[in-house]
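# sharing a model prediction with you, sequence too.
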Amino acid sequence: MDFGDIAVKSAVKIVDFLRVLPKVLESQRERLNEFVKILKDSKAVHVYGIGRSGAVALCFAIRLKHFEKVLGCKVWWVGDEVREKIEENDVLIAFSGSGETAEVLIVAERAKDANAKVVAITSFEDSSLAKMADLVITIPGGLETRKGWKYLEAQFVGEFYGGGEFELLAYAFQEVLISAIGEYFGIPKDVVIKEHERDSIRRKPSL
């Protein structure tokens, strides 16, 4: 089998895997309704994650920031040097497959100390992050590192290299959230276009 064949086979496997997401969300309709209520009531939204979960979380923060003028609340990425601190009536949306990532737990603790809401996007409802959260939305695929597994060994248990199931589903989920938020609040699609900085095209001077 040549590389092209393997790549196509991998693409089919990933698309098939993502088909589970609607069922996952179907069982959490009330939690999703609670999510949008928390969003509406929040003065500011802070988003955070570490590693690959953090990459997904950052994508969500970037996309949600396009909506902040319409939503009437600021959107911040906790990892930025220039940002506002988490305060009362804010919400922290934290992504962690295991729910045990130390840096995420520290930020969640700060949010709770400030009387802010915490929304956990994680695979485990009994994780430390989930226990701190006001709302938990479960996305399968996270690595359960608390059952005596060595972390590196746990990376090779799933369908994909490096245990990427959670990140795949979480990325699709944040796109679902953005689409649903846009439709729910009646945000025109051109809002996103207006919020993008246009790239300048440098043209060579005519000779």
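The structure has been received and is ready for your questions.

# any idea how far the spatially most central residue of the chain is from Asn115?
When CA atoms, centre = their mean is applied to the chain, the residue found nearest the centroid is Ala57 (3.7 Å). Shown here: Ala57 relative to Asn115, a distance of 22 Å by CB to CB, to the nearest Å. Every C-beta, even on glycine, is put in place using the N, C-alpha and C of the backbone.

# which residues of this protein fall in strands?
Listed in chain order, the strands of the chain (DSSP state E) span 44-49, 74-77, 91-95, 117-122, 135-138.

# which of those sits most buried?
Ranked by mean neighbour count, those are led by strand 91-95 with a mean of 29 (mean count of other CB atoms under 10 Å).

# that strand pairs with which strands?
The partner list of strand 91-95 in its sheet, established with DSSP bridges, is strand 44-49 (parallel), strand 117-122 (parallel).

# which helix runs longest in the protein?
When the chain is scanned for its longest helix (criterion: DSSP state H), the result is helix 165-184.

# average pLDDT for that helix, rounded please.
Here helix 165-184 scores 95 as its mean pLDDT.

# quick one, phi/psi of Phe124?
Comment: the main-chain dihedrals of Phe124 come out as phi -130, psi 120, following degrees, to the nearest 10.

# determine the number of other residues adjacent to the nearest residue to it once chain neighbours are set aside.
Distance criterion CB to CB, 6 or more residues apart in numbering; nearest residue to Phe124, sequence neighbours excluded, is Gly99 at 4.8 Å. Under the neighbour criterion other CB atoms under 10 Å, Gly99 is assigned a count of 30.
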